[in-house]
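Asker: got a sequence here, can you build the structure:
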Amino acid sequence: MKSGFAMLAIFIILRGSDSTILKALQRAGSITHSYGGGEVISFCNVFFFSSLICGLAMVLYDKNALVMSLPRLQKNDRLLLILQSFSGFFLGPVAFFFALSHLTVVQQTLLFSLTLPCTVILANLLLREQFPRFFAIGIFLISIGLLMANYGESSLPMAKANQTAGILWGLLGVISLSFSGISNRITAQRGFGVGLTIGVNSLAAAVAFGIIALLNYGPSHFFYLRIWWVLGVIGAYAITISLGSVFTLMMCYKKLGVVTVSFWSSLTILVAIAAASILLAEPLQWQSIIGAVIILVAILAMQFSTKPSLKV
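Answerer: You can find the predicted model right below:
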């Protein structure tokens with residue numbers, strides 16, 4: 001049990017630091033570009049390496065089950081995996097990246113808190129699942145929290161005029177990840193292993209990111225051999241954040257179960273806000289802190305009253 005909670009703590013820190021590390025890479029890439037360098041950071045190369053490393057790791061981890069599963073896939077199984085790969089491994093991350101480029105880490109983190117209620121709504125529409133008891137209250141609290149947090153963040157000097165674009169990208173990401181959450185549940189019910197649902201899907205996304213990068217930037221986009229680039233893109237984000245989050249989450253599910261992990265993983269919101277303040281020096285507004293706490297309470301209430309199969 002202790003090792004399970006230790007893994008859970010590591011997962012919360014890693015997942016909560018995701019946006020901060022990615023924002024730091026975006027800033028470093030912008031500085032390099034402003035001094036006459038090329039586009040060294042984009043969603044293409046960042047997610048190419050993270051998808052490639054995660055995909056290879058999960059395929060090797062679950063290779064025996066994967067070899068047995070592939071020949072048994074029916075046409076509807078393949079279509080489901082394509083939808084899962086596109087929504088959760090390609091479109092969701094791309095929207096996540098562009099939302100973060102227009103918003104602060106706090107704004108983006110709180111905006112993506114809409115993923116849980118959006119998943120619940122889709123589950124009701126597509127799978128005929130009942131709404132949890134506290135769903136209406138949760139939606140109301142999240143709305144209040146978002147409005148309050150946005151009011152605080154909009155008063156900052158770093159607030160940009162193109163926040164609307166960031167919000168639209170964020171909403172697209174929320175919808176994409178919600179569809180991915182529904183497909184995750186269906187693939188789990190069909191007994192698909194991580195080698196198929198994470199490994200193959202990640203590798204497919206890596207191919208897509210690689211092709212886009214080659215067409216738009218050329219081969220040099222993968223080999224900007226500067227210490228900060230190698231350590232940041234491959235070391236910090238691809239291996240530590242992406243693969244580390246996937247691995248620790250798998251271990252948490254095995255040791256603690258879905259309900260416990262889903263409940264405590266909501267704390268990633270607080271970690272994200274703290275990491276942005278400490279590592280990126282993003283100012284903390286009292287409205288943003290109160291808004292984040294309200295959203296956290298709403299998510300915990302919905303997690304507490306949601307069926308385990310719907311937890312994301």
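
Asker: residue 165 against residue 102, yeah?
Answerer: Yes. The pair residue 165 / residue 102 is scored as a contact, 5.1 Å apart, by C-beta atoms under 8 Å. C-beta: built from backbone N, CA, C; applies to glycine.

Asker: quick one: contacts for the closest residue to residue 18 other than its chain neighbours?
Answerer: Closest residue in space to residue 18, ignoring its immediate chain neighbours: residue 241 at 5.4 Å, by C-beta to C-beta, 6 or more residues apart in numbering. Contacts for residue 241 (C-beta atoms under 8 Å, 6 or more residues apart in numbering) come out as 14, 17-18, 21, 50.

Asker: in helices, which of those residues fall?
Answerer: Counting by DSSP state H, the part of those found in helices is 14, 17-18, 21, 50.

Asker: what about residue 61, neighbour count?
Answerer: Residue 61 has 18 neighbouring residues, counting by other C-beta atoms under 10 Å.

Asker: measure it to residue 251 for me?
Answerer: Residue 61 is 12 Å from residue 251, where distance means C-beta to C-beta, to the nearest Å.

Asker: ok, now residue 48?
Answerer: Residue 48 is 26 Å from residue 251, by C-beta to C-beta.

Asker: now do residue 137
Answerer: 33 Å.

Asker: of the two, give the one with the bigger neighbour count.
Answerer: residue 251 (18 against 15).

Asker: ok, the more buried one touching residue 7?
Answerer: Yes. With contact defined as C-beta under 8 Å, residue 251 reaches residue 7; the gap is 4.6 Å.

Asker: just give me how far stretch 121-132 sits from the chain centre.
Answerer: Distance of stretch 121-132 from the chain centroid (C-alpha atoms, centre = their mean, to the nearest Å) equals 22 Å.

Asker: show me where the stretch 201-312 of the chain has its helices.
Answerer: All helices of the stretch 201-312 of the chain, identified by DSSP state H, counting those that start in this stretch, fall at 201-216, 227-229, 244-256, 258-264, 268-279, 286-305.

Asker: got a PyMOL select line for the buried ones in the contacts of residue 241?
Answerer: PyMOL command restricting the contacts of residue 241 to the buried ones, with burial defined by 16 or more other C-beta atoms under 10 Å:
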select buried, resi 14+17+18+21+50
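
Asker: looking at the contacts of residue 241, point me to the pair that's furthest apart.
Answerer: 17 and 50 (13.7 Å; C-beta to C-beta).

Asker: list the buried ones in the helix or strand of the chain with the lowest mean pLDDT?
Answerer: Here the helix or strand of the chain ranked lowest by mean pLDDT, DSSP states H and E is helix 258-264, holding a mean of 80. By 16+ other C-beta under 10 Å, the buried positions in helix 258-264 come out as 258, 260-262, 264.

Asker: swap in stretch 212-223?
Answerer: By 16+ other C-beta under 10 Å, the buried positions in stretch 212-223 come out as 212-213, 217, 221.

Asker: tell me how far residue 34 lies from residue 233.
Answerer: Separation of residue 34 from residue 233 (C-beta to C-beta): 19 Å.

Asker: neighbour count: those two, which is higher?
Answerer: The neighbour comparison of residue 34 against residue 233 (other C-beta under 10 Å) goes to residue 233, with 26 against 8.

Asker: perfect, I'm done here.
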